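Student: Just a sequence and a predicted model for now, questions to come.
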Amino acid sequence: MKVLAVCGFGIGSSLLLKMSLDKAFRELGLDIEAQNFDIVTAKSEKCDAIFTSEQMAPDLREEVKVPVYAVQKYMDVQGVKAVVEQFLADYNSK
């Protein structure tokens, strides 16, 4: 399974989000590949889900066919973990 952490330029905040995603998945006992990307590249990247800011989520939802999850605080691992748990619930209900 592969997920993306996305921000405008794919450098700063997406890297912070990727690190929180890595921690959240590890806490859940899952070995998931998380990568950080800029918004343009993310639109063409194959993945199972995208995690991004509330501001970028609507644009991504219009452009991609995978689920897009908005994260409010990238460094709040417990908050990120809650969003990850929602993704896993959605993914497992398919």
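Tutor: Cool, the structure landed.

Student: Show me the strands in the protein, by range?
Tutor: 2-7, 33-38, 49-52, 68-70 (DSSP state E).

Student: Out of the ones you listed, which one sits most buried?
Tutor: With neighbours taken as mean count of other CB atoms under 10 Å, the strands of the chain reach their highest mean count in strand 49-52, at a mean of 26. C-beta coordinates here come from the backbone N, C-alpha and C atoms, glycine included.

Student: That one pairs with which strands, and in what direction?
Tutor: Strand 49-52 has the following strand partners under DSSP bridges: strand 2-7 (parallel), strand 68-70 (parallel).

Student: ok, residues contacting that strand?
Tutor: With contact meaning CB atoms under 8 Å, 6 or more residues apart in numbering, strand 49-52 is reached by 3-7, 14, 17, 21, 39, 42, 60, 64, 66-71, 80, 83-84, 87, 91.

Student: mind checking how far that strand is from the chain centre?
Tutor: The chain centre lies 3 Å from the centre of strand 49-52; the measure is CA atoms, centre = their mean, to the nearest Å.

Student: I'd assumed residue 47 was in contact with residue 66.
Tutor: Yes - contact criterion CB atoms under 8 Å: residue 66 and residue 47 qualify, at 5.9 Å.

Student: between those two, which one's more packed in?
Tutor: residue 47 (19 against 16; other CB atoms under 10 Å).

Student: pLDDT wise, what is the more buried one at?
Tutor: Looking at residue 47, its pLDDT is 97.

Student: what's the distance between it and residue 73?
Tutor: Applying CB to CB, to the nearest Å, the value for residue 47 to residue 73 is 22 Å.
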